[in-house]
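Enquirer: Just to be clear, the model below is a prediction. Sequence and coordinates:
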Amino acid sequence: MKQVSVGRFLWYLFAVPHCAACRKLLAPQDALGRYAGCDVLCPNCRANWENEKLALCSVCGEAHIDCRCMPEVLRQAGAEGMIHLGEYRADSAIGRTVLRLKDTALHRAANFAAAQLAPAFRRLCADALRRPEQVIVTYLPCRIDARRKCGHDQAELIARALAHHLGAKCMPMLQRTGGAAPQKSLSGSARKENAQKAFMLAHHAEPAGKTVILVDDVITTGSTMEAGVRILREAGAAAVFCAVLGVTAEKKR
Ligand SMILES: [Zn+2]
Ligand SMILES: [Zn+2]
């Protein structure tokens with residue numbers, strides 16, 4: 001806790017920060033520390049988070065953060081690549097943070113996660129990012145009723161933070177049609193069919209010729225992401241890359 005500014009200390013007193021994953025109150029010596037994410041996760045969850053990023057992908061053998069595996073449906077839809085932080089499990093640090101972001105607009109947590117996706121994108125889209133004005137970060141909007149209930153969209157929070165880290169613009173390019181059922185209630189082909197009618201190109205969105213980074217919190221079957229990629233490619237996006245925090249284990253290919 002050396003050299004903590006008065007501003008940071010006041011922030012601690014007023015924000016009373018809790019760990020985004022386990023919800024424990026962050027001790028001042030941790031929250032005011034100097035390591036990345038110290039004001040987001042407790043030291044224990046921070047260590048778990050890092051281990052989850054470095055755990056090896058069962059398909060390619062690379063650490064998750066370096067893994068470039070992508071569900072085949074995304075490739076078929078025209079996605080160029082996908083980056084994820086780790087495997088999604090409801091009891092993992094990444095998984096618990098994702099669940100927390102659905103309920104609460106934790107900007108610090110979204111920013112922390114985006115800061116770790118950003119270096120991977122700088123490598124994956126190095127050419128496109130030489131002209132950041134050609135890159136647009138966007139997101140798969142959550143269901144209209146979910147947004148109404150919690151007042152924010154977790155994918156939008158992550159997308160805005162990622163755009164900031166990449167020096168690119170963030171703008172909504174997809175919107176919900178309002179005509180689809182919750183994906184959770186469906187399985188297999190029903191999910192795919194449902195997802196295809198869930199989204200449309202947003203008014204004023206002009207993806208033609210742009211490199212688009214499409215953000216969501218978690219990818220399960222890939223159906224919703226696939227629908228988003230397809231719409232963007234059909235509207236002329238030069239390339240679409242996908243970004244998620246977590247990938248469910250069995251759907252990596
Ligand atoms: Zn914790
Ligand atoms: Zn892999």
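Expert: Structure received. Ligands and ions are numbered 1, 2, ... in the order given.
Enquirer: Who is residue 135 paired with across the strands?
Expert: Residue 135 has these beta-bridge partners by DSSP bridges: residue 211.
Enquirer: which one's the longest helix in the chain?
Expert: Across the chain, the helix with the greatest residue count (assigned by DSSP state H) is helix 107-124.
Enquirer: Can you tell me how far the nearest residue to residue 122 once chain neighbours are set aside is from ligand 2?
Expert: Among residues not flanking residue 122 along the chain, residue 129 sits closest, at 6.1 Å (Cβ to Cβ, 6 or more residues apart in numbering). Every residue, glycine included, has its C-beta placed from N, CA and C. From residue 129 over to ligand 2 the distance is 23 Å, taken as Cβ to the ion, to the nearest Å.
Enquirer: Measure how far the longest helix of the chain is from the centre of its chain, please.
Expert: Centroid separation for helix 107-124 versus its chain: 9 Å, with Cα atoms, centre = their mean, to the nearest Å.
Enquirer: same for that helix, what does it pack against?
Expert: Applying 3 or more Cβ pairs under 8 Å, 6 or more residues apart in numbering; DSSP states H and E, we find helix 107-124 packed against strand 79-87, helix 93-103, helix 154-166, strand 239-247.
Enquirer: Which residues outside it are in contact with it?
Expert: 17, 20, 36-37, 39-41, 53, 65-66, 68, 81, 83, 85, 97, 100-101, 129, 154, 157-158, 160-162, 164-166, 213, 241, 243, 245 (Cβ atoms under 8 Å, 6 or more residues apart in numbering).
Enquirer: Is residue 133 part of a helix or strand, or is it coil?
Expert: helix (DSSP: H, G, I helix; E, B strand; the rest coil).
Enquirer: list the contacts for it?
Expert: residue 169.
Enquirer: Equivalent analysis for residue 106, please.
Expert: 20, 40, 100, 157.
Enquirer: And residue 44, by the same measure?
Expert: residue 22.
Enquirer: In terms of pLDDT, where does it sit?
Expert: Note on residue 44: pLDDT of 96.
Enquirer: next one: residue 251
Expert: So residue 251 comes in at 52 (pLDDT).
Enquirer: same question, residue 183
Expert: Here the pLDDT value assigned to residue 183 is 66.
Enquirer: so how far is the strand or helix carrying residue 228 from its chain's centroid?
Expert: Assessed by DSSP states H and E, residue 228 sits inside helix 223-234. Computed by Cα atoms, centre = their mean, the separation of helix 223-234 from the middle of its chain amounts to 16 Å.
Enquirer: and the angle for that helix with strand 79-87?
Expert: 150 degrees (axes from the mean of the first three to the mean of the last three Cα atoms, to 10 degrees).
Enquirer: Any stretches of the protein with poor pLDDT?
Expert: 1-2, 179-181, 183-184, 188, 250-253 (pLDDT under 70).
Enquirer: Show me what from it comes close to ligand 2.
Expert: Neighbours of ligand 2 within the chain, by Cβ under 5 Å from the ion: 57, 59-60, 67, 69.
Enquirer: Which members of these are the farthest-apart pair?
Expert: 59 and 67 (7.6 Å; Cβ to Cβ).
Enquirer: Neighbour count: the two, which is higher?
Expert: Shown here are residue 59 and residue 67; by other Cβ atoms under 10 Å, residue 67 has more neighbours (23 against 11).
Enquirer: Pick the most buried one from the helices and strands packed on helix 107-124.
Expert: strand 239-247 (a mean of 25; mean count of other Cβ atoms under 10 Å).
Enquirer: Using CSV, write out every CA atom in that strand.
Expert: C-alpha atoms of strand 239-247 as CSV (Å, rounded to 0.1, in the frame of the first residue of the first chain):
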residue,chain,number,x,y,z
ALA,A,239,-13.5,-9.3,-42.1
VAL,A,240,-15.3,-10.3,-38.9
PHE,A,241,-13.4,-11.5,-35.8
CYS,A,242,-15.1,-12.8,-32.7
ALA,A,243,-14.2,-12.0,-29.1
VAL,A,244,-15.6,-13.7,-26.0
LEU,A,245,-14.6,-14.1,-22.4
GLY,A,246,-15.5,-17.8,-22.1
VAL,A,247,-16.0,-20.8,-24.3
